[in-house]
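> structural data only, the sequence is not supplied:
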């Protein structure tokens, strides 16, 4: 009986996406010196899918991503923005990268590094939990907590 | 240094690069980026006398009659991107795979300079990937697509993957979607296996051009494109052409002209539709190969792919088919017994490039870790002719059925 339970648990763990969405309030942030007041959802999608290489004010964009190992923010960001699983996003970028069409966003080790990179780059753009957005960045889009 | 030693040195160098490359997820904010991709896998097939291949650029694989091999899908690629200022980038990609000469000698698959002055315009020059693969610009990045391999019935007949030339693309954002136009021109880079003795049909130096229009939307994507090539070299059977042209056989020179491919134009039109929403993804594609030579007859091909993600596992169904016209051309040679061997050789040229087969494949992809996917696939193929499958002398004369099992691990780093 215990073996059957264990096998069932194993199968469910394979079929269930890693991590479950919870109330993490995500916002998209840019460098405080950026003249763009707000970004639309379309802008954020195009910037993170490699279709836009510049911000609406013409500044070369530097999208910054989080490493998967840093927590659930990355999964929630792509789920809310694109309704896509991280494996699908990685497959998308593998296709673009190895076709020489575009390079994926820079990967940051932590939310702290996202904030530092956005502060350093005039065209920096990242996503963080709302409570972590401080004076080093400015919020231009809200993904919400659902 | 011998070719074998050369290959070993190159493969060892690739392995060293792989070992030292930073994982793609850990790329720092820097001007260069080293990344790679690969597939390790095995394939088994049951049919006697018919060897399974992935495309016409592979030598016979030995995958037949219950035997398996790792050469069908296994490959390793390494790519270096170097950013030069904000508008320029240099890209070099080396690829090792099972080739037309049965070696794994690494090749330069890409090597170009890219100029992208704004978000819309991109111009590239150098060695470029041939962008005729709808929904996948390269068939070598196993991690980027769902099945074990892109449908050979559809993709396998294209005997080249690169061109030396230029391409220009322009992207129009349409809200969160985009419309992309791309045009390319240059000289083809590609070699296809012509016979069991290792003779090669060389497409090098053949001028080609093409263009496509692509809609990148959510949930729909679509592409329609056309590529034309003027073949620079004749089929590598000089004996046959020499006899037909110079032996005084009635109808011989006319037949040689019909069989010739040199300086003739061939066209490839392809359209594809993709859908991805939530866990569901689907693709539908069709193509038509247009020919002016009886030895490379026209054919139509298509595939349909349906997948549904259940957590980290995505089962899928892949249907594909390719078909040439039913009628086999008449040689027009006189029915003289002395010409029987020549008639046989000409008949083989007619038949070896015909397509008439269907494939049903069932499989699953398991994204078992970041940048690592395991895939298993079972397929059933039946038909009478294929330009991709390799028919040995003991192949069944009238039609065939074969079952193929594959298991691969795809990775990027």
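Yep, that arrived. If you're wondering where the values come from, they're calculated on a predicted model, not measured in any experiment.
> next one: stretch B:276-294 to chain centre, how far?
Distance of stretch B:276-294 from the chain centroid (C-alpha atoms, centre = their mean, to the nearest Å) equals 13 Å.
> with stretch B:245-258 instead?
Taking C-alpha atoms, centre = their mean, one finds stretch B:245-258 lying 33 Å from the centre of the chain it belongs to.
> and if you look at stretch B:343-354?
Here stretch B:343-354 is found 23 Å from its chain centre; the criterion is C-alpha atoms, centre = their mean.
> now that stretch: buried residues?
The neighbour-count check on stretch B:343-354 (16 or more other C-beta atoms under 10 Å in any protein chain shown) flags B:346, B:349-350, B:352-354 as buried. C-beta coordinates here come from the backbone N, C-alpha and C atoms, glycine included.
> residue boundaries of the strands in the stretch 101-250 of chain B?
Ranges of strands within the stretch 101-250 of chain B are B:107-115, B:121-129, B:162-174, B:177-189, B:191-193, B:200-202, B:207-216, B:220-230, based on DSSP state E, counting those that start in this stretch.
> can I get the ones you listed in CSV with mean neighbour count?
Compiled in CSV, the strands of the stretch 101-250 of chain B are given as follows (neighbours: other C-beta atoms under 10 Å in any protein chain shown):
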stretch, mean neighbour count
strand B:107-115, 18
strand B:121-129, 20
strand B:162-174, 18
strand B:177-189, 19
strand B:191-193, 20
strand B:200-202, 20
strand B:207-216, 19
strand B:220-230, 18
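> format these as a markdown table; extra columns: distance to chain A and mean pLDDT.
Shown next, in a markdown table, are the strands of the stretch 101-250 of chain B (distance: least, C-beta to the nearest C-beta, whole Å; pLDDT from 0 to 100):
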| stretch | distance to chain A | mean pLDDT |
| --- | --- | --- |
| strand B:107-115 | 6 | 94 |
| strand B:121-129 | 6 | 94 |
| strand B:162-174 | 6 | 93 |
| strand B:177-189 | 5 | 95 |
| strand B:191-193 | 22 | 92 |
| strand B:200-202 | 25 | 93 |
| strand B:207-216 | 7 | 95 |
| strand B:220-230 | 11 | 95 |
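> ok, which of those strands comes nearest residue B:383?
strand B:191-193 (19.8 Å; C-beta to C-beta).
> strand partners (parallel or antiparallel) of the closest one?
Strand pairing for strand B:191-193, using DSSP bridges, gives strand B:200-202 (antiparallel).
> for residue B:54, give me its contacts.
By C-beta atoms under 8 Å, 6 or more residues apart in numbering or on different chains, the residues touching residue B:54 are B:72-73, B:149, B:152, B:156, B:388.
> what's the closest non-adjacent residue to residue B:267?
Spatial nearest neighbour of residue B:267, chain neighbours left out: residue B:290 (3.9 Å); criterion: C-beta to C-beta, 6 or more residues apart in numbering or on different chains.
> same thing with residue B:55?
Spatially, and ignoring its direct neighbours in sequence, residue B:55 is nearest to residue B:156 (4.0 Å; C-beta to C-beta, 6+ apart).
> how many neighbours does that neighbour have?
Number of residues near residue B:156 (other C-beta atoms under 10 Å in any protein chain shown) recorded here: 25.
> could you pull up the residues touching residue A:81?
Contacts of residue A:81 were listed using C-beta under 8 Å, 6+ apart, and they are A:41, A:44-45, A:48, A:143.
> go with 10 Å
By C-beta atoms under 10 Å, 6 or more residues apart in numbering or on different chains, the contact list for residue A:81 reads A:26, A:28, A:41, A:44-45, A:48-49, A:89, A:127, A:141, A:143, B:176.
> ok, residue B:267 next?
B:210, B:226-229, B:288-292, B:298.
> please repeat the previous calculation with a cut-off of 7 Å.
The contact partners of residue B:267, by C-beta atoms under 7 Å, 6 or more residues apart in numbering or on different chains, come to B:226, B:228, B:290.
> mean confidence for whatever helix or strand it lives in?
Residue B:267 belongs to strand B:265-277 when assigned by DSSP states H and E. Averaging pLDDT along strand B:265-277 yields 95.
> got the angle for the following helix or strand past it vs strand B:265-277?
Moving toward the C-terminus from strand B:265-277, the next helix or strand (DSSP H and E) is strand B:280-290. With axes from the mean of the first three to the mean of the last three C-alpha atoms, to 10 degrees applied, the angle from strand B:280-290 to strand B:265-277 works out at 170 degrees.
> list the helices and strands strand B:280-290 packs on?
Packing contacts for strand B:280-290, counted by 3 or more C-beta pairs under 7 Å, 6 or more residues apart in numbering or on different chains; DSSP states H and E, involve strand B:265-277, strand B:299-308.
> switch those over to CSV; also include distance to residue B:80.
Output for the helices and strands packed on strand B:280-290, formatted as CSV (distance: least, C-beta to C-beta, whole Å):
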stretch, distance to residue B:80
strand B:265-277, 30
strand B:299-308, 32
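> of all those, which lies closest to residue A:35?
Going by C-beta to C-beta, the one of those nearest residue A:35 is strand B:265-277, 34.8 Å.
> okay, and the helix or strand of chain A with the least pLDDT?
When each helix and strand of chain A is scored by mean pLDDT, DSSP states H and E, helix A:2-15 comes last, with a mean of 54.
> any residue of the helix or strand following that one touching chain B?
Next helix or strand after helix A:2-15 toward the C-terminus (DSSP H and E): strand A:26-30. No - judged by C-beta under 7 Å from any C-beta of the partner chain, strand A:26-30 and chain B are separated, with a smallest distance of 14.2 Å.
> list the helices and strands strand A:26-30 packs on?
By 3+ C-beta pairs under 7 Å, 6+ apart, strand A:26-30 packs against helix A:73-82, strand A:124-129, strand A:138-144.
> swap in 8 Å and give it another go.
Other helices and strands packing on strand A:26-30, by 3 or more C-beta pairs under 8 Å, 6 or more residues apart in numbering or on different chains; DSSP states H and E, are helix A:73-82, helix A:111-120, strand A:124-129, strand A:138-144.
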